[in-house]
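Student: next come a sequence and a model predicted from it.
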Amino acid sequence: MTSDELSELKAQVAALTRQLQVLEDINAIKDLQHTYGYYMDKGLYSEVVDLFAEDGVLSFMGGLYQGRESVRRLYEGRLRQVFTKGKNHPIYGMLVDHLQLQDVIHVAADRQTAKGRFRALLQGGVHKTMPDPPSRLPRQWWEAGVYENEYCREGGVWKIKFLNYNLQWQATFEDGWANADIISVNSPTTYPEDPLGPDVLHGQPPKLWPETYCVPFHYPHPVTGRSVKI
Amino acid sequence: MTSDELSELKAQVAALTRQLQVLEDINAIKDLQHTYGYYMDKGLYSEVVDLFAEDGVLSFMGGLYQGRESVRRLYEGRLRQVFTKGKNHPIYGMLVDHLQLQDVIHVAADRQTAKGRFRALLQGGVHKTMPDPPSRLPRQWWEAGVYENEYCREGGVWKIKFLNYNLQWQATFEDGWANADIISVNSPTTYPEDPLGPDVLHGQPPKLWPETYCVPFHYPHPVTGRSVKI
Amino acid sequence: MTSDELSELKAQVAALTRQLQVLEDINAIKDLQHTYGYYMDKGLYSEVVDLFAEDGVLSFMGGLYQGRESVRRLYEGRLRQVFTKGKNHPIYGMLVDHLQLQDVIHVAADRQTAKGRFRALLQGGVHKTMPDPPSRLPRQWWEAGVYENEYCREGGVWKIKFLNYNLQWQATFEDGWANADIISVNSPTTYPEDPLGPDVLHGQPPKLWPETYCVPFHYPHPVTGRSVKI
């Protein structure tokens, strides 16, 4: 074996190793996001918070929660109060299924970060036999949203760096999206004035149905390679 | 090339080979479960049974069918009778779409077994023009369930070792999950007293909506590594 | 190191490389089809057309559009007119969400072509506040379909070679699939007699719900290896 042959073989193995790791990364990130959905189904809000990196950020309904402790305010503070009466588990008669699907994931060249587009389809509702149903929720609804998330790898473990949920539409089970009320998203009040509020606000409120906002794509057109103008 | 360099390169190639095979396993298992859904859509019950290992087990509505011939009792005996009037193909006016999504799959170190979490969203119903509609079915319904399945590899082929379907909720198209009747699952009668019954019963009946049972996770929290207490 | 050992190691690395490329192909094809869905959501019809190979073919509602310029007739001509009033972006009050899921993809031995089965679940509708709603659309509907597509790799890039959409059922939000009207698909008029028509017709019109057509599988039974007779 010549030294050249050896060098070439070594280089091939090194390249293969990296390509394989990227595929493992993609699989791990898909699992991470799918697991987010399974936890959200069942009121496992502390487990959801633990999916975030320490400096992880959440974009939710016009505000940003910056850092895992801020993220905790929303999940353990606000959502857990609204959906499971403060319990970290599902409660009788409350449905919040979070289907996660349609992944498109790209890993950065240095394998330290990644971006992923997903969508969610939700079924939410309160069963007629539930005692003391939450007052602010519709009786039963469909919801759709698009994520454009970022992930980071720390200590070999993929975590959520930026959960960027873009609610698209919400519709009651009875009346559907054709008859949905226009959701007015007032600028939320920031923390600490609102003890469960976001740290900062987006420049403008989210555009919700019947507006039809297209969440920008993190990746170019897969055939032309051009960025998609929207 | 020193003998050390050679050994190292050989070891790298062996490790890469194994990692690659695990990714191929994950893809094959995903395809297997997705195919299960496509077959269930279309009344291909014999094909469904053939997805199981010979000692494969099915958990369905409070009972266990142990071994492929028992599994056959349910699919070819009971379900084929209810949904396709005994035919092994779809029939006019009967819808039973089985959407399969949100996979999280882990392959055991020896690559002989694997576990996978999936969810199903079903659309079932009987068209108004169908002659002699089945008597025991709702007119049209939505259904959601979570699988925590096991798979095994035999002769290089992945098969279903344990199909563990956990019905979560069922709701008529008209009234939705907020108004769903509470499904009372009576302890089924076992085989052979019921010629199409399960071999054994679970210790307790499944907890269905408006209960909100969280199917235990086969895998620890992806970031903390701790098992998820539910 | 003997020359035999070297040859064996080289052969292993070559085999690994090929297997890895196939997994990368599968991931790229899944991303391609998922991206198709995201573009269809948002009226990005020109971007959809660019996902096709130059000789790409579309099967849609009983007709074939052969070649990318014919495909353009349907997306940029017909669908863009119906859904977004001729705009290449979403418009106020028009919903056409195209969920893409349940992939089963197989790459040919030469890695030049591939086949993939997917399904779609659509939510379509026109919001009550939309001015001048399209006249030919239902107010709001659910739709389900199955794809059996072909893909090709050109210049290292995967493209759609044959988009074979098989509408399965369509149901209004109000009445559901049990009460769906039977969609009568008349033989479309071909191009150029219809300036937006298909190039050729299928031998027979598609069988739609309450018929329950099973789209043939591009792949054999994953366990028995036998082709699935339907």
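Tutor: That came through fine.
Student: so where's chain A uncertain?
Tutor: A:1, A:184-186 (pLDDT under 70).
Student: and the strands in it?
Tutor: Along chain A, the segments classed as strands by DSSP state E run A:52-60, A:63-66, A:94-107, A:113-126, A:140-154, A:157-172, A:200-201.
Student: any chance of these in CSV, plus distance to B:Thr17 and mean neighbour count?
Tutor: For every residue, glycine as well, the C-beta is placed using N, CA and C. Shown next, in CSV, are these (distance: least, CB to CB, whole Å; neighbours: other CB atoms under 10 Å in any protein chain shown):
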stretch, distance to B:Thr17, mean neighbour count
strand A:52-60, 32, 20
strand A:63-66, 43, 22
strand A:94-107, 22, 22
strand A:113-126, 25, 22
strand A:140-154, 24, 20
strand A:157-172, 24, 21
strand A:200-201, 49, 14
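Student: in a markdown table: those strands, plus distance to chain C.
Tutor: Converted to a markdown table, the strands of chain A look like this (distance: least, CB to the nearest CB, whole Å):
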| stretch | distance to chain C |
| --- | --- |
| strand A:52-60 | 19 |
| strand A:63-66 | 24 |
| strand A:94-107 | 5 |
| strand A:113-126 | 7 |
| strand A:140-154 | 6 |
| strand A:157-172 | 7 |
| strand A:200-201 | 24 |
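Student: can I get those strands in TSV with distance to B:Met130?
Tutor: Output for those, formatted as TSV (distance: least, CB to CB, whole Å):
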stretch	distance to B:Met130
strand A:52-60	45
strand A:63-66	51
strand A:94-107	29
strand A:113-126	27
strand A:140-154	27
strand A:157-172	29
strand A:200-201	54
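Student: pull the contacting residues for the closest residue in space to A:Ser59 that isn't next to it in sequence.
Tutor: Leaving aside its chain neighbours, A:Ser59 sits nearest to A:Asn164 (4.6 Å; criterion: CB to CB, 6 or more residues apart in numbering or on different chains). Contact partners of A:Asn164, counting by CB atoms under 8 Å, 6 or more residues apart in numbering or on different chains, are A:Ser59, A:Tyr147, A:Glu148, A:Asn149, A:Glu150.
Student: does the fourth one touch A:Phe118 like I think?
Tutor: Pointing back at A:Asn149 there. Yes: taking CB atoms under 8 Å as the definition, A:Asn149 is a contact partner of A:Phe118 at 7.0 Å.
Student: next, show the common contact partners of the two.
Tutor: By CB under 8 Å, 6+ apart, the residues touching both A:Asn149 and A:Phe118 are A:Gln33.
Student: in the sheet, who's paired with the spatially most central residue of chain A?
Tutor: Nearest to the geometric centre of chain A sits A:Leu163, at 4.3 Å (CA atoms, centre = their mean). As for beta bridges, A:Leu163 partners with A:Leu58 under DSSP bridges.
Student: my guess is it contacts A:Leu58. True?
Tutor: Yes: with contact defined as CB under 8 Å, A:Leu163 reaches A:Leu58; the gap is 4.9 Å.
Student: grab the longest helix from chain A for me.
Tutor: helix A:3-41 (DSSP state H).
Student: quick check: angle from it to strand A:94-107?
Tutor: 160 degrees (axes from the mean of the first three to the mean of the last three CA atoms, to 10 degrees).
Student: anything in helix A:3-41 near chain B?
Tutor: Yes: Helix A:3-41 lies within reach of chain B by CB under 8 Å from any CB of the partner chain, at A:3, A:6, A:9-10, A:13, A:16-17, A:20, A:23-24, A:27-28, A:30-32, A:34-35, A:37-39, A:41.
Student: list only buried entries from those.
Tutor: Applying 16 or more other CB atoms under 10 Å in any protein chain shown to the residues of helix A:3-41 next to chain B, the neighbour count classes A:6, A:9, A:13, A:16-17, A:20, A:23-24, A:27-28, A:30-32, A:34-35, A:37-39, A:41 as buried.
Student: just these that are near chain C?
Tutor: A:Leu9, A:Val13, A:Leu16, A:Leu20, A:Leu23.
Student: what about A:Phe217, how many residues nearby?
Tutor: 20 (other CB atoms under 10 Å in any protein chain shown).
Student: and it, how far is that from chain B?
Tutor: For A:Phe217, the distance to chain B equals 22 Å [CB to the nearest CB, to the nearest Å].
Student: next up, the contacts around the closest residue to that residue other than its chain neighbours.
Tutor: Spatial nearest neighbour of A:Phe217, chain neighbours left out: A:Val228 (5.0 Å); criterion: CB to CB, 6+ apart. By CB under 8 Å, 6+ apart, the contact list for A:Val228 reads A:Pro216, A:Phe217, A:Pro220, A:His221, C:Tyr39, C:Leu44, C:Glu47.
Student: residue contacts, the second one?
Tutor: For A:Phe217, the residues meeting the contact criterion (CB under 8 Å, 6+ apart) are A:Arg117, A:Glu148, A:Ser227, A:Val228, A:Ile230, C:Tyr38.
Student: and the ones next to chain C among the buried ones among the residues of helix A:3-41 next to chain B, which is closest to A:Gly125?
Tutor: Closest approach to A:Gly125 among these (CB to CB): A:Leu23, at 38.4 Å.
Student: do I have it right that the closest one meets C:Gln21?
Tutor: No: look at A:Leu23 against C:Gln21 with CB under 8 Å: they stay out of range, at 10.7 Å.
Student: what about A:Arg73, neighbour count?
Tutor: Quick note: A:Arg73 (other CB under 10 Å) scores 22 neighbours.
Student: can you tell me the closest non-neighbouring residue to it?
Tutor: A:Leu196 (5.3 Å).
Student: separation between that neighbour and chain C?
Tutor: 31 Å.
Student: same question, A:Gln33
Tutor: From A:Gln33 over to chain C (counting by CB to the nearest CB), the distance is 13 Å.
Student: what sits against that residue?
Tutor: A:Gln100, A:Asp103, A:Gly116, A:Phe118, A:Tyr147, A:Asn149.
Student: export those residues to CSV and tack on distance to C:Ala109?
Tutor: Listed next are the contacts of A:Gln33 as CSV, based on distance: CB to CB, whole Å:
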residue, distance to C:Ala109
A:Gln100, 33
A:Asp103, 27
A:Gly116, 31
A:Phe118, 32
A:Tyr147, 36
A:Asn149, 36
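Student: near chain B, from those residues?
Tutor: Applying CB under 8 Å from any CB to the contacts of A:Gln33, those adjacent to chain B are A:Gln100.
Student: quickly name whichever of the contacts of A:Gln33 is closest to B:Val96.
Tutor: Nearest member of the contacts of A:Gln33 to B:Val96, counting by CB to CB, is A:Gln100, at 23.5 Å.
Student: what residues are up against the closest one?
Tutor: A:Gln100 sits next to A:Gln33, A:His34, A:Tyr36, A:Gly37, A:Phe118, A:Arg119, A:Ala120, B:Leu101, B:Gln102 when contact means CB under 8 Å, 6+ apart.
Student: how close does the closest residue to A:Pro90 other than its chain neighbours get to A:Leu167?
Tutor: Of all residues not flanking A:Pro90 in the chain, B:Thr212 sits nearest, at 3.6 Å (CB to CB, 6+ apart). Distance from B:Thr212 to A:Leu167, counting by CB to CB, to the nearest Å: 23 Å.
Student: again with A:Leu74
Tutor: Between A:Leu74 and A:Leu167 the computed distance is 14 Å (CB to CB).
Student: now do A:Gly203
Tutor: Taking CB to CB, one finds A:Gly203 at 17 Å from A:Leu167.
Student: equivalent analysis for A:Gly67, please.
Tutor: 22 Å.
Student: pretty sure A:Pro90 is touching A:Tyr45, no?
Tutor: No: A:Pro90 lies out of contact with A:Tyr45 (CB under 8 Å); the separation is 10.9 Å.
Student: shared neighbours of these two, anything?
Tutor: Joint contacts of A:Pro90 and A:Tyr45 (CB under 8 Å, 6+ apart) are A:Thr84.
Student: neighbour count: these two, which is higher?
Tutor: Each of A:Pro90 and A:Tyr45 had its neighbours counted (other CB under 10 Å), and the higher figure belongs to A:Tyr45 (25 against 20).
Student: ok, now how distant is the more buried one from chain B?
Tutor: 12 Å.
Student: great, nothing more from me.
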